[in-house]
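In: Dropping the sequence and predicted coords here.
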Amino acid sequence: MSITISNLTKTYGTQKAIDNISFDACNNEIVGFLGPNGAGKSTTMKIVTGYLQSDSGNVMVNGIDVNAHPIETKKQIGYLPEGNPLYYEMYVREYLSFIARVHQIKNIKKRIEEVIDITGLRNESNKKTGQLSKGYKQRVGLAAALIHNPDVLILDEPTSGLDPNQIIEIREVIKELGKNKTVLFSSHILQEVESICDRIIIINKGNIVADDTLVNLQAANKNLNTVVVQFGEKINIDLLLALNDVQSVEEISGQYFIQTTDAEKIKKQLLEFSLQNNLDILSLQSKSKSLEEVFRNVTN
């Protein structure tokens, strides 16, 4: 149960979506695949699943070449695309039965009931898919990806648009599936990646810029710390950049995120800065390095 990607390149016109990337995902491993919008995540996933052809390089799924044997590799893969296309006029069991027949599954009724239980669809299973909430539509898409019991799962934004309770439920499903399958999934919800993944791969502008466990990524980026300050008034970022030992400043929703090598020194300077400029500090804190800071460091 593995994915091996070697020297993969894909170009759209004059733009390289992915540029000679290589990585693998092994048995019983949940790998988070992260990157900014347009970084190449979905393109990579579509090539792995055989929905797109690469310009060069190759992908092996369970030792089978995706280009040479596309049908065989599709049997090994369960794919939940970001758009999660469903037939809204079909009932849940009707849709899953359709997908099961495509995969030529034996004992279809039994398998449908199994994936309904795995994905928590039991209470909504008598409805048409078009009548379901976004969360339950995602569960139907996940059930369809699981119907043929694949060794490898490719999940593109599986928690997109879900409420906090639904996110937690889908998270637990993915964690349980990862005990027996290889899972590669992308998400913009970095807390989900932190809580689920054994390993994190970050892609930026078509290139792999990080590939390691979260602990190792945090250690590699520990030279920078984050101080978050919020003032009662809006201020010029250039004034904060002028402070000693400031590497960068970013304003998000009225808060200023300051990257620095010395958090305590910056906090003292901020207090002095507020007194000198007659500013009110509403909040001031330093934060341990999270996946969000690591992500920002390696993609900026």
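Out: Nice, thanks for sending it over. Residues are numbered from 1 along each chain as shown.
In: Check whether residue 162 really touches residue 139, as I assumed.
Out: No - contact status for residue 162 versus residue 139: not in contact, 9.7 Å apart, counting by Cβ atoms under 8 Å. C-betas here are computed from N, CA, C, even on glycine.
In: higher neighbour count, these two?
Out: residue 139 (27 against 22; other Cβ atoms under 10 Å).
In: Tell me where the model's unsure across this structure.
Out: 1, 219-224, 288-290 (pLDDT under 70).
In: those strands in it, which residues are they?
Out: For the chain, the strands defined by DSSP state E occupy 3-12, 15-25, 30-34, 56-61, 64-65, 77-80, 152-156, 182-186, 199-204, 207-212, 225-231, 246-252, 255-260, 281-287.
In: Tabulate those in CSV, adding columns for distance to residue 43 and mean neighbour count.
Out: Listed next are the strands of the chain as CSV, based on distance: least, Cβ to Cβ, whole Å; neighbours: other Cβ atoms under 10 Å:
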stretch, distance to residue 43, mean neighbour count
strand 3-12, 5, 18
strand 15-25, 4, 17
strand 30-34, 11, 24
strand 56-61, 12, 18
strand 64-65, 19, 14
strand 77-80, 14, 22
strand 152-156, 11, 24
strand 182-186, 11, 26
strand 199-204, 10, 22
strand 207-212, 13, 17
strand 225-231, 31, 20
strand 246-252, 27, 14
strand 255-260, 30, 20
strand 281-287, 33, 13
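In: Show me the one of those that comes nearest residue 132.
Out: strand 77-80 (15.1 Å; Cβ to Cβ).
In: can you pull the alpha-carbon coordinates of the closest one into CSV?
Out: Output of strand 77-80 as CSV, limited to C-alpha atoms (Å, rounded to 0.1, in the frame of the first residue of the first chain):
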residue,chain,number,x,y,z
ILE,A,77,-7.3,4.1,-5.3
GLY,A,78,-10.3,5.7,-3.6
TYR,A,79,-10.6,9.4,-4.7
LEU,A,80,-12.7,12.2,-3.1
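In: Check which helices and strands that strand sits against.
Out: helix 134-146, strand 152-156 (3 or more Cβ pairs under 8 Å, 6 or more residues apart in numbering; DSSP states H and E).
In: The residue located most distally from the centre of the chain and residue 269, how far apart?
Out: Ranked by distance from the centre of the chain (Cα atoms, centre = their mean), the top residue is residue 276, with 43.6 Å. As judged by Cβ to Cβ, to the nearest Å, residue 276 and residue 269 stand 10 Å apart.
In: Let me see the contact set for the nearest residue to residue 256 once chain neighbours are set aside.
Out: Residue nearest to residue 256 in three dimensions, not counting chain neighbours: residue 229, with 5.1 Å by Cβ to Cβ, 6 or more residues apart in numbering. The neighbourhood of residue 229, defined by Cβ atoms under 8 Å, 6 or more residues apart in numbering, consists of 255, 256, 258, 270, 281, 283, 284.
In: try 10 Å
Out: Contact analysis of residue 229 by Cβ atoms under 10 Å, 6 or more residues apart in numbering lists 235, 240, 249, 255-258, 266-267, 270-271, 273-274, 279, 281-286.
In: do residue 40 as well
Out: With Cβ under 10 Å, 6+ apart, residue 40 has these contacts: 8, 10, 16-19, 21, 33, 47, 203-208.
In: I'd assumed residue 200 was in contact with residue 25.
Out: No - using Cβ atoms under 10 Å, residue 25 makes no contact with residue 200, being 11.5 Å away.
In: neighbours around residue 297, how many?
Out: So residue 297, with other Cβ under 10 Å, has 21 neighbours.
In: cool, and residue 102?
Out: Count around residue 102 with other Cβ under 10 Å applied: 12.
In: And for residue 88?
Out: Residue 88 has 12 nearby residues by other Cβ under 10 Å.
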